[in-house]
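# just a sequence and a predicted model for now, questions to come.
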Amino acid sequence: MKLLQSSKFLLLILYLSATLARGDVGRAAHYSPPYIPTACNGNDPSQFPSNNLFAAAGEGIWDNGSACGRRYLVRCISATVFGTCKLGQTIQVTIVDRAYRAVSRPSSNDATIVLSTTAFENIARAAAWVNIEYVEV
């Protein structure tokens, strides 16, 4: 009976792990002010969430501007320097700009998502870029 219960528990854990790991993998860079004007809403300051967790879309997710306003859950999964990722930290960001056209240049080119300074600091320590898992919500 005890073996059956532990088998069920193990299956539940495996199922939950599989359902949570359905995101895409990419690279996140960061950028700093000035953030406006943006490709999404120009000079409108109300486009930025009050918690400053926002991002610019890389070309892979820009989707001809359809990315504007999309929200993504993002977490750091690896970096070139061990200990860069803040394990267990997942943030939700809103896309407000196109990385290619952002006023402030990204810390690294060809990023999937370019996070605001605040957003990047929530998931990683100082680095030019990190590998991320992200999923649209």
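Cool, got the structure.
# ok but residue 118 is inside a helix, no?
Yes - counting by DSSP: H, G, I helix; E, B strand; the rest coil, residue 118 is found in a helix.
# let me see the contact set for it.
51-53 (Cβ atoms under 8 Å, 6 or more residues apart in numbering). All C-beta spots, glycine's among them, are computed from the backbone N, C-alpha and C.
# just the buried subset of the residues you listed, written out for PyMOL, thanks.
Of the contacts of residue 118, the buried ones go into a single PyMOL selection, burial set by 16 or more other Cβ atoms under 10 Å:
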select buried, resi 53
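# how about a markdown table for the contacts of residue 118, with distance to residue 22 added?
Putting the contacts of residue 118 into a markdown table (distance: Cβ to Cβ, whole Å) gives the following:
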| residue | distance to residue 22 |
| --- | --- |
| 51 | 25 |
| 52 | 27 |
| 53 | 21 |
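# including distance to residue 87 and secondary structure, could the contacts of residue 118 go into JSON lines?
Output for the contacts of residue 118, formatted as JSON lines (distance: Cβ to Cβ, whole Å; DSSP: H, G, I helix; E, B strand; the rest coil):
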{"residue": "51", "distance to residue 87": "21", "secondary structure": "coil"}
{"residue": "52", "distance to residue 87": "22", "secondary structure": "coil"}
{"residue": "53", "distance to residue 87": "18", "secondary structure": "coil"}
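# which residues of this structure fall in helices?
Here the chain has its helices, by DSSP state H, at 2-20, 59-62, 117-123.
# please name the nearest non-neighbouring residue to residue 60.
The shortest distance from residue 60 to any residue other than its chain neighbours is 5.5 Å, reached at residue 112 (Cβ to Cβ, 6 or more residues apart in numbering).
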